[in-house]
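In: based on what follows, work out the 3D shape:
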Amino acid sequence: MPLTIYYFDGGIIGRSSGRSSVGAAAYRAGEKLRSRAVGSAAYNSGEGLRDGDDGVIVHDYTRKKGVRHSEIMLPQNAPPEYKDRETLWNAVERRERRKDAQLAREFVVGLQLEFELQEQIEVLREYVKESFVDKGMCADFAIHHNEGNPHAHIMLTFRDVTPNGFGLKNTTWNENDLFLEWRKGWADVNNRMFERKGLAERIDHRSYKEQGIDREPMIHLGYEAAALERKGVKTERGNHNREVQKRNAERAAQKEAQQVKAEKTEQDAEELRQIAKEVKLEKELQKMREAVQYIEKPIEVKTESPFVLELESQLKAEKAMQHLEKMQEQQNNAEQITKRMNDLKENFIALEKEKISLMESHNRNQPEIYPMEYRAEQLEEHAENLAILQGRLEQLRESRQNLRLLDLKKKKDLDEKITQATQELASAQNFFKNRFNADPAHAAEELKRLQEEIRAKKDEINAKQIIVQDIRKKQEKLELEYHTQKLLNEIHPDHEQITHLLEQMRKPPTSVREQQLQERIERQLNVISDYYFEKAIEKLPTRQAQILTNIREQTKEQKELQAFEREQAFLTRYYQTQDKNERKRLLREDNERKNRAFDRSR
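Out: Sure, this is the predicted structure:
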């Protein structure tokens, strides 16, 4: 069940948390990179960190699973050797001197399940080039896809780059307006791909208020509060969200009441129109009764033979009865067809409502998975990094103890390294506690709990996906049967009566949303695509299929002729005028007309 989702989150990779850009890049790309930055984080690279014999730190994450694609994109003036991941991020590390330096900017974006891997790569390339590379940043992105949750990590440099390397930091890239532009850009590039694929789905980066949705947003519970809420313990954040839900429900009820009041006026008008139709129908029935009475009207005969009179009377009665039976049979047949078509439509709408409910539930649950998985990745990365820093410190202490008594210079060097390693470990531990609100000693238990929560949410989503797929199969069968009945109705003698009865049986919507749904479904069912037409006529007798095929071909020819005539009329008006503004207006109107026609065809 591919369902659209907008997710866009960002952060900073810096030394203050005991991390390195080389290690982060290695983790995201699932590669083995070498770094000379002592005390750097390694977990991002994939498997672990160790010091080589030459003092180089190796970040080896070649066994990391889920990396589908990784790529580096550079601005035109960047050194070509920066295409190599290890070279690029070691250059970043060398350029930054401060112990708390910010090394890279990172964004995590959710990818659409509707797109194939190559399309996801295409979307990322387009977005990264437009938003970052064209502005002068070096970009390193990687696609991760685990258990139906595709996302991408985008690492970006902070400094201007020249053919000789990195220069000054570009502070204009830190402006808030630019961040909002990046968020919008991610929605735009995905929507362009949806449009290229001919899909109606779209994503939106804006808040409820900006979208014109009268709904108050809730705050993120956080993992600690969520865990307490699941155990039945009320939290401050949970209470806040419950109040928000209550206010949203009240707001929705008020809006619904206003809609119902407005619709009541429309329903009253519809009832008046219905009465007028019934009056018209009653007049038609009266004409039929008069016709029957005319048939039963005694006919004057010249003979007065009782036998002849009785025979004529019987013939008239039989003829009147046959006429009434024929009229009743036609009426019943039309009502049966109408009832069947209406039942098909109502069943289709009921399934659509169920599907929409499941999809809305998915849209509420799916956005929670991205931050949870991102948090799990970060927690695992930092926990492994702490273990690496602890191991390095113990290794340095052991080397210090093994020195001979008179190796004073080596002792002094090792003491300095031990002091530096101790500070880095303490900094990383403090960051872990503040970031995850957990004791580093219990990182494994916290990670396991988080992974189980993610798995439970994914299982719930997968169960809904199966239900939605089943609903879509049922809808396809209903749609095919409805189209078949509609085609037969087009050549039925009582076509106008059936259409009239269908309109009478149409249930008035109880809300604006239901009205929009009803109109959308009716458009979908009343427009028969070539695919459904071919499927439908396969079920019909040859004679009926041939008649319907001829009618469809004639209709197509008429539409093509009308389109050709409109195009010729447009070209004539366009070339007759020399006014540029008038030509622009004509082009705009023509494009709007074509867009409306395209929307109707869909």
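In: quick one: low-confidence parts of the stretch 351-500 of the chain?
Out: Residues of the stretch 351-500 of the chain meeting the criterion pLDDT under 70: none.
In: tell me how the protein divides into domains.
Out: Under the assignment automatic domain parsing, the domains of the chain span 1-205, 302-540, 544-602.
In: relative to Lys246, which of the ones you listed is closest?
Out: Each of the domains of the chain was scored for nearness to Lys246 using Cβ to Cβ, and the closest is domain 302-540 (17.0 Å). Just so you know, the C-beta spots here come from the backbone N, C-alpha and C atoms, and that holds for glycine as well.
In: so what touches stretch 491-504?
Out: By Cβ atoms under 8 Å, 6 or more residues apart in numbering, the residues outside stretch 491-504 that reach it are 274, 277, 330, 333-335, 337-338, 341-342, 489, 544, 547-548, 551.
In: how about it: buried residues?
Out: For stretch 491-504, a neighbour-count test (16 or more other Cβ atoms under 10 Å) marks His492, Asp494, Gln497, Ile498, Thr499, His500, Leu501, Leu502 as buried.
In: closest one to Val161 out of those, please.
Out: Relative to Val161, the closest of these is Leu502; by Cβ to Cβ it sits at 67.1 Å.
In: for that closest one, give its distance to Arg340.
Out: Distance of Leu502 to Arg340, computed by Cβ to Cβ, to the nearest Å: 11 Å.
In: before we move on, what about Lys410?
Out: 94 Å.
In: following the lowest-mean-pLDDT helix or strand in the chain, which helix or strand shows up next?
Out: Using mean pLDDT, DSSP states H and E, strand 48-51 stands out as the lowest-scoring helix or strand of the chain, at a mean of 38. In the C-terminal direction, the helix or strand that comes right after strand 48-51 (DSSP states H and E) is strand 57-60.
In: by contact count, what packs against that following strand?
Out: On a contact count with 3 or more Cβ pairs under 8 Å, 6 or more residues apart in numbering; DSSP states H and E, strand 57-60 meets helix 21-29, strand 32-35, strand 48-51.
In: now with 6 Å, please.
Out: Judged by 3 or more Cβ pairs under 6 Å, 6 or more residues apart in numbering; DSSP states H and E, strand 57-60 is in contact with strand 32-35, strand 48-51.
In: buried ones in the helix or strand that contains Ala187?
Out: Per DSSP H and E, Ala187 falls inside helix 176-196. Residues of helix 176-196 classed as buried: Trp182, Arg183, Gly185, Trp186, Ala187, Asp188, Val189, Asn190, Asn191, Met193, Phe194 (neighbour count, 16+ other Cβ under 10 Å).
In: hang on, His153 in a strand?
Out: Yes - counting by DSSP: H, G, I helix; E, B strand; the rest coil, one finds His153 located in a strand.
In: spit out the contact partners of it.
Out: Residues near His153 by Cβ atoms under 6 Å, 6 or more residues apart in numbering: Arg28, Val108, Ala142.
In: can you give the contact residues for the helix holding Ala187?
Out: Against helix 176-196 from outside (Cβ under 6 Å, 6+ apart): Phe8, Val109, Val123, Glu126, Tyr127, Ser131, Glu201, Arg202, Ile203, Asp204, His205.
In: doesn't Gly11 belong to a helix?
Out: No - going by three-state DSSP, the assignment for Gly11 is strand, not a helix.
In: grab the nearest non-local neighbour of it.
Out: Nearest residue to Gly11, sequence neighbours excluded (Cβ to Cβ, 6 or more residues apart in numbering): Glu106, at 5.3 Å.
In: check what pLDDT that neighbour gets.
Out: We have a pLDDT of 94 for Glu106.
In: ditto for Lys135
Out: In this model, Lys135 is scored at 94, pLDDT.
In: any idea how far it is from Asp188?
Out: Taking Cβ to Cβ, one finds Lys135 at 16 Å from Asp188.
In: try Ile551
Out: For Ile551, the distance to Asp188 (Cβ to Cβ) stands at 43 Å.
In: my guess is Leu396 meets Thr419, correct?
Out: No - with contact defined as Cβ atoms under 6 Å, Leu396 does not count as touching Thr419 (9.8 Å).
In: looking at those two now, which is surrounded by more residues?
Out: Legend: neighbour count by other Cβ atoms under 10 Å for Leu396 and Thr419, higher for Leu396 (18 against 11).
In: chain neighbours aside, what residue packs nearest to the more buried one?
Out: Of all residues not flanking Leu396 in the chain, Ile418 sits nearest, at 4.9 Å (Cβ to Cβ, 6+ apart).
In: checking my notes, the one you found in a strand, right?
Out: No - read with three-state DSSP, Ile418 is helix and lies in no strand.
In: and it, how far is that from Gln401?
Out: Using Cβ to Cβ, one gets 11 Å for the distance from Ile418 to Gln401.
In: return the distance of stretch 387-406 from the chain's centre.
Out: Distance of stretch 387-406 from its chain centroid, counting by Cα atoms, centre = their mean, to the nearest Å, is 53 Å.
In: how about that stretch: buried residues?
Out: Ala387, Ile388, Leu389, Arg392, Leu393, Leu396, Arg400.
In: give me the contact list for that stretch.
Out: Contacting residues not belonging to stretch 387-406 are listed as Ala42, Leu49, Lys410, Lys411, Leu414, Lys417, Ile418, Ala421, Glu424, Leu425, Ala428 [Cβ under 6 Å, 6+ apart].
In: wait, the last one touches Gly18, no?
Out: Yes - with contact defined as Cβ under 6 Å, Ala428 reaches Gly18; the gap is 3.1 Å.
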